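Student: pasting the sequence and the predicted coordinates here, then a few questions.
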Amino acid sequence: MPEFLYEIEDLVKKYDGRTVLEIDDLKLEGNKIYAILGPNGSGKSTLLRILNLLEEPASGRVIFRNIDTGRVGEGVRLKLRRQMCMVFQHPYMFNTSVYNNVVYGLKLRGLPAAEIRERAEEALSFVGLKELSRRSAVRLSGGETQRVALARAIAIRPRVLLLDEPTANLDPDSVALIEELIRKVHDELQTTVLLVTHNLFQARRVAEEVLLLYQGRLVEKAPVEEIFNCPRSELTKQFVTGKMIY
Ligand SMILES: Nc1ncnc2c1ncn2[C@@H]1O[C@H](COP(=O)(O)OP(=O)(O)OP(=O)(O)O)[C@@H](O)[C@H]1O
């Protein structure tokens, strides 16, 4: 087992020549829940996409489980990507049943039919939606849609779950349910979770460690209690106390 799940070294990401992310050193452990916080445009989603190997940095290294992802071919990269799963704020649902949406990634991976069925049923039970399996996935509430997206991700049994604002625009009950599921995925399936959120309270409730980004830089990375109670950086202090204007 590698000591770190991810190691980032001297990473620079640019869009149209403009640097949007610059992280010198970041190490993430396996089997933890991390929240990624920061103002709009601070690079949270970009960091998530880079960790998901969806995008490559302009320079620097992204090491996943001791493998330098910039030095491998497409085949290995795909294998690494299949250990990760990203869930978006507005997950895309195929216009078919909930069940068919959950089995999609499993079919893509060519798993045997019996295992596909077993995993899909297990995942739908996990998120408490077994009774909705035959329903149309495009006619669900926002909270149900997120739970189907989580079931679809869980069925793949990823090592890392990357969540980009999964509860934005949900009502408080749905938010509570999704947060409970995030913890359950971590506790019962030993999945590492990286959660991008604007909700400071959510970070406090769910995360074990917090990363604060500001203008593309990693300002602070610390256990959740430290970030909220005794942050080292003045910027973090301003951010968590709501005094940062942005
Ligand atoms: N595909 C792209 N092309 C050009 N610029 C981009 C692209 N994606 C992001 N950016 C820019 O990169 C910077 C970081 O964006 P990013 O979406 O990662 O921030 P964020 O912290 O997730 O923001 P938010 O909280 O608003 O979602 C922003 O200035 C954004 O405009």
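Tutor: Sure thing, it's come through. Numbering: from 1, shown residues only.
Student: what sits against the most centrally placed residue in the chain?
Tutor: Residue closest to the average C-alpha location in the chain (CA atoms, centre = their mean): Leu162, at 1.4 Å. Going by CB atoms under 8 Å, 6 or more residues apart in numbering, Leu162 touches Leu48, Leu51, Asn52, Met84, Cys85, Met86, Val87, Leu194. From N, CA and C alone the C-beta is placed, and that goes for glycine too.
Student: most widely separated two among these?
Tutor: Greatest spatial distance among the contacts of Leu162 (CB to CB): Leu51 and Val87, at 13.5 Å.
Student: so these two - more neighbours on which side?
Tutor: Leu51 (23 against 20; other CB atoms under 10 Å).
Student: write out the residues of the chain neighbouring the ligand.
Tutor: Tyr15, Asp16, Val20, Gly38, Asn40, Gly41, Ser42, Gly43, Lys44, Ser45, Thr46 (CB under 6 Å from any ligand atom).
Student: pLDDT value on the residue nearest to the centre of the chain, please?
Tutor: Listed pLDDT for Leu162 reads 97.
Student: element containing it, please.
Tutor: Here Leu162 sits within strand 160-164, counting by DSSP states H and E.
Student: each with direction, which strands does that strand pair with?
Tutor: strand 84-87 (parallel), strand 192-196 (parallel) (DSSP bridges).
Student: could you dump those strands to CSV with mean pLDDT?
Tutor: Formatted as CSV, the strands paired with strand 160-164 follow (pLDDT from 0 to 100):
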stretch, mean pLDDT
strand 84-87, 95
strand 192-196, 97
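Student: including distance to Glu115, could these go into a markdown table?
Tutor: Below are the strands paired with strand 160-164 laid out as a markdown table (distance: least, CB to CB, whole Å):
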| stretch | distance to Glu115 |
| --- | --- |
| strand 84-87 | 17 |
| strand 192-196 | 23 |
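Student: so which of those is the most packed in?
Tutor: Among the strands paired with strand 160-164, ranked by average contacts under mean count of other CB atoms under 10 Å, first place goes to strand 192-196 (a mean of 23).
Student: alpha carbons of that strand, in PDB - could you do that?
Tutor: Output of strand 192-196 as PDB, limited to C-alpha atoms (Å, rounded to 0.1, in the frame of the first residue of the first chain):
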ATOM      1  CA  THR A 192     -11.300   8.300  -0.300                       C
ATOM      2  CA  VAL A 193     -13.600  11.300  -0.800                       C
ATOM      3  CA  LEU A 194     -12.600  14.600  -2.200                       C
ATOM      4  CA  LEU A 195     -15.500  17.000  -1.800                       C
ATOM      5  CA  VAL A 196     -15.600  20.500  -3.400                       C
END
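Student: buried residues in the next helix or strand after that strand?
Tutor: The first helix or strand that comes after strand 192-196 along the chain, using DSSP H and E, is helix 200-206. Across helix 200-206, burial judged by 16 or more other CB atoms under 10 Å covers Leu200, Gln202, Ala203, Arg205, Val206.
Student: look up the closest residue to the first one, ignoring the ones flanking it.
Tutor: In space, and not counting its chain neighbours, Leu200 is closest to Val240: 6.2 Å by CB to CB, 6 or more residues apart in numbering.
Student: quick one: strands adjacent to the host helix or strand of Glu7?
Tutor: Assigned by DSSP H and E, Glu7 belongs to strand 6-15. Counting by DSSP bridges, the strands paired with strand 6-15 are strand 18-28 (antiparallel), strand 59-64 (antiparallel).
Student: just the CA atoms of the first one, as CSV, please.
Tutor: This file holds the C-alpha atoms of strand 18-28, laid out as CSV (Å, rounded to 0.1, in the frame of the first residue of the first chain):
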residue,chain,number,x,y,z
ARG,A,18,-3.2,32.2,-17.8
THR,A,19,-2.1,30.4,-14.7
VAL,A,20,-5.2,29.2,-12.8
LEU,A,21,-3.6,26.7,-10.5
GLU,A,22,-0.1,26.6,-8.9
ILE,A,23,0.5,24.0,-6.2
ASP,A,24,4.1,23.2,-5.2
ASP,A,25,3.4,20.3,-2.9
LEU,A,26,0.3,18.4,-1.9
LYS,A,27,0.0,14.9,-0.5
LEU,A,28,-3.3,13.2,0.0
